[in-house]
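> Take this sequence and fold it.
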Amino acid sequence: MKKYELIISRYLEKKLIINFTGIALVLCLIIFGNQFYIVGKESLKIGLYGNEIISFVFYKVARDLSLITILAFTGSILITFHKLNKTSEKIILHSCGIGNLDLFKSTSRLILIFFFAIFFLSNFISPWANQALEMSKNETTNRPSYLFFLEGQFQKFNDYTFYAKNVETNSDTQNAKNIFLFLNIDPVKFIYAKEGIKVIDKVTKDVILKLKNGTIYQTKNEMISSISNFESYDILLFENNFYKKNNIKTSIPGLSYENLLKNYTNEYKAEVFYRLSQPIFFLITSLVYIFIGKSNPRDKSNIHLIYGFMLFIANFNLILISKKWIEDGTIPVEIGYIIPNLISLVILLIYFFKFNSIKSHINVQ
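Got it, this is the predicted structure:
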């Protein structure tokens, strides 16, 4: 690389990194704030603790890091080259014989670094974050301690409607007094117990209510058919399937490549396509943005930034559409890689054709 090319390369890389850092920081803050609100709202339903809310938000942001990086760096390219035109720096470079392809070569090292970073994020970090998020959510929603008795309120546990006049809480254990239970299946049962204790099985993590000194009223055809007293009676309030490994299943976005390739159906093909299409989309979009960043220094509008943003949205939505078509078996995977980047490829062909036409015209004269 010549000395002046090295200087230009370092200058552009510095500008790109500065703009990338600013855009990425803003996007991360927006996504973090949005996810914090969503997770905070969700925690009211599934009973998250403070540290769990932070971990949930972290996994969700980590899941979206590849898209954040793509948007931030391509946006950085668009803004950087747009500013080069506005300040006439790009015109000076073109006057010195440095064209768009030369500028791409000057930034190719940085683009290549981000290409491999996005490949790593989309193919390894995002699946890991999806799996960790799913496991954490399953563990939280199946947490035995979340089954909590409320004093003086009717609650639904398994098939039982529960009511206790008095409840004393001690860590994960709860003691209840004057307990009423209603089982609305055949045969219908009404159970009264003077006291009971909530116990969590150490092996299965099932929640069991151990009743003491009570009476069971069993009815049939709305008539009491039997009455029986008991000194102790155990009721399964919650069966914790999370700890039974045969019932734990990971969704497709959280699967590793090894598991995806074992069962290579259309849904698994679509997931592989989605992961691989992101770095390809990034590479082509980066090249296109170098070309469409051109603008008139006297023009005060930022229409090229709008064009770039619209192109990004259109192409990314085509990735999602192609993924859905691959899942449905409408198109083969090979066509799926072409469709999202078709607009960008057409734009590149137009610019290359235009560039060659101008060059030929100059040579003729």
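> Could you report the neighbour count for residue 41?
Other residues within reach of residue 41, judged by other CB atoms under 10 Å, total 9. (Each C-beta comes from the backbone N, C-alpha and C, glycine too.)
> which element follows the helix or strand where it lies toward the C-terminus?
Taking DSSP states H and E as the criterion, residue 41 maps to helix 3-46. The element immediately downstream of helix 3-46 (helix or strand, assigned by DSSP H and E) is helix 50-63.
> pLDDT on the helix holding residue 41, on average?
For helix 3-46, the mean pLDDT works out to 84.
> Now do it: which elements does it pack against?
Counting contacts by 3 or more CB pairs under 8 Å, 6 or more residues apart in numbering; DSSP states H and E, helix 3-46 packs against helix 50-63, helix 65-86, helix 100-120, helix 126-141.
> try 10 Å
Other helices and strands packing on helix 3-46, by 3 or more CB pairs under 10 Å, 6 or more residues apart in numbering; DSSP states H and E, are helix 50-63, helix 65-86, helix 89-95, helix 100-120, helix 126-141.
> quick one, which of those is nearest to residue 207?
helix 126-141 (13.4 Å; CB to CB).
> From the contact counts, what lies against that closest one?
helix 3-46, helix 50-63, helix 65-86, helix 257-262, helix 266-292.
> Show me what whichever helix or strand comes after that helix is packed up against.
Downstream of helix 126-141, the first helix or strand assigned by DSSP H and E is strand 155-157. Secondary-structure packing of strand 155-157 (3+ CB pairs under 10 Å, 6+ apart): strand 160-170, strand 223-238.
> got the CA coordinates for the shortest one in CSV?
By that I understand strand 160-170. Output for strand 160-170, consisting of C-alpha atoms alone and laid out as CSV, is shown next (Å, rounded to 0.1, in the frame of the first residue of the first chain):
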residue,chain,number,x,y,z
TYR,A,160,-57.2,-27.2,43.2
THR,A,161,-58.7,-23.9,44.4
PHE,A,162,-56.9,-22.9,47.5
TYR,A,163,-57.9,-20.6,50.4
ALA,A,164,-56.2,-20.1,53.8
LYS,A,165,-57.3,-17.8,56.6
ASN,A,166,-53.8,-17.5,58.0
VAL,A,167,-50.4,-17.9,56.3
GLU,A,168,-46.9,-17.7,57.9
THR,A,169,-43.9,-17.5,55.6
ASN,A,170,-40.4,-18.7,56.4
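> Pull out the buried residues from that strand.
160, 162, 163, 164, 167 (16 or more other CB atoms under 10 Å).
> which of those has the weakest pLDDT?
Confidence-wise, residue 160 trails the rest of the buried residues of strand 160-170, at 86.
> From residue 16, how far off is it?
Distance of residue 160 to residue 16, computed by CB to CB, to the nearest Å: 62 Å.
> quick revisit: angle of the helix holding residue 41 against helix 266-292?
If you take axes from the mean of the first three to the mean of the last three CA atoms, to 10 degrees, helix 3-46 sits at 140 degrees to helix 266-292.
> between helix 3-46 and helix 126-141, how many degrees?
Counting by the same axes, to 10 degrees, helix 3-46 lies at 20 degrees to helix 126-141.
> Low-confidence ranges, the protein, go.
In the predicted model, the chain carries pLDDT under 70 at residues 1-5, 44-50, 86-102, 141-146, 171-172, 240-250, 293-302, 351-365.
> center of it, which residue is that?
Compute the mean C-alpha point of the chain, and by CA atoms, centre = their mean the closest residue is residue 63, 4.4 Å away.
> For it, which non-adjacent residue is spatially closest?
Distances taken as CB to CB, 6 or more residues apart in numbering put residue 129 closest to residue 63, at 4.0 Å, once the chain neighbours are dropped.
> Just give me the neighbour total for the one you found.
Residue 129: 21 neighbours (other CB under 10 Å).
> my read: it touches residue 62, true?
Yes - taking CB atoms under 10 Å as the definition, residue 129 is a contact partner of residue 62 at 4.0 Å.
> Determine the residues that are contacts of both of these two.
Each of residue 121 lies in contact with both residue 129 and residue 62 under the rule CB atoms under 10 Å, 6 or more residues apart in numbering.
> re earlier: in TSV, list the helices and strands packed on strand 155-157 along with distance to residue 264.
TSV is the format used below for the helices and strands packed on strand 155-157 (distance: least, CB to CB, whole Å):
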stretch	distance to residue 264
strand 160-170	45
strand 223-238	38
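> Mind checking these for the one nearest to residue 337?
strand 223-238 (47.1 Å).
> Sheet partners, orientation included, of that closest one?
As defined by DSSP bridges, the strand partners of strand 223-238 come to strand 207-220 (antiparallel).
> Off-centre distance for the strand it pairs with?
45 Å (CA atoms, centre = their mean, to the nearest Å).
> how about that strand: buried residues?
Residues 207, 208, 209, 211, 214, 216 are the ones in strand 207-220 that count as buried (16+ other CB under 10 Å).
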